[in-house]
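What follows is a predicted structure for the sequence shown.
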Amino acid sequence: MEKITLDENVWSHTLYKQGSSYVLSVPCGGTAVYELHVPLDEVTAEAGMKDPRLLELLATSVRQDPAAHRTYLNQPH
């Protein structure tokens with residue numbers, strides 16, 4: 001399934017759409033940088049595309065407390 005980039009802010013976040021799913025990818029960490037992939041609903045993703053500040057706020061929240069945003073998508077398979 002093709003992954004389409006909808007919004008990107010280097011070192012902050014990337015919003016993807018893959019099929020009917022939206023995912024916010026946020027680089028986290030300090031010395032070791034990793035990406036945390038947070039699923040978003042359509043309403044949140046579309047609101048973020050209209051006002052990128054919303055995605056910035058969400059990305060900041062994810063970076064400040066990555067554990068609070070972990071889901072099954074972030075677990076090793």
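Cool, got the structure. Numbering: from 1, shown residues only.

Can you get me the start-to-end distance on stretch 4-16?
Stretch 4-16 has an end-to-end distance of 5 Å (CA to CA, to the nearest Å).

Return the set of buried residues in it.
6-7, 13-16 (16 or more other CB atoms under 10 Å). Every residue, glycine included, has its C-beta placed from N, CA and C.

Closest to Glu46 out of these?
Leu6 (9.4 Å; CB to CB).

That closest one reaches Lys17, doesn't it?
Yes - with contact defined as CB atoms under 8 Å, Leu6 counts as touching Lys17 (5.5 Å).

shared neighbours, the two?
Residues within reach of Leu6 and of Lys17 at once, by CB atoms under 8 Å, 6 or more residues apart in numbering, are Ala45.

State the three-state secondary structure for Tyr16.
strand (DSSP: H, G, I helix; E, B strand; the rest coil).

middle-most residue in this protein, spatially?
Leu24 (1.7 Å; CA atoms, centre = their mean).

The chain: strands as residue ranges?
3-9, 13-18, 21-29, 33-40 (DSSP state E).

could those strands go into a markdown table alongside distance to Asp51 and mean pLDDT?
Converted to a markdown table, these look like this (distance: least, CB to CB, whole Å; pLDDT from 0 to 100):
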| stretch | distance to Asp51 | mean pLDDT |
| --- | --- | --- |
| strand 3-9 | 11 | 92 |
| strand 13-18 | 12 | 94 |
| strand 21-29 | 14 | 93 |
| strand 33-40 | 14 | 90 |
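
Switch those over to TSV; also include distance to Gly48.
Shown next, in TSV, are the strands of the chain (distance: least, CB to CB, whole Å):
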stretch	distance to Gly48
strand 3-9	7
strand 13-18	6
strand 21-29	8
strand 33-40	7
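
ok, back up a step: what about the residue lying closest to the residue nearest to the centre of the chain once chain neighbours are set aside, how many residues nearby?
With CB to CB, 6 or more residues apart in numbering as the criterion, Leu24 has its nearest non-adjacent residue at 4.6 Å, and that residue is Val38. A count of neighbours around Val38, defined by other CB atoms under 10 Å, yields 22.
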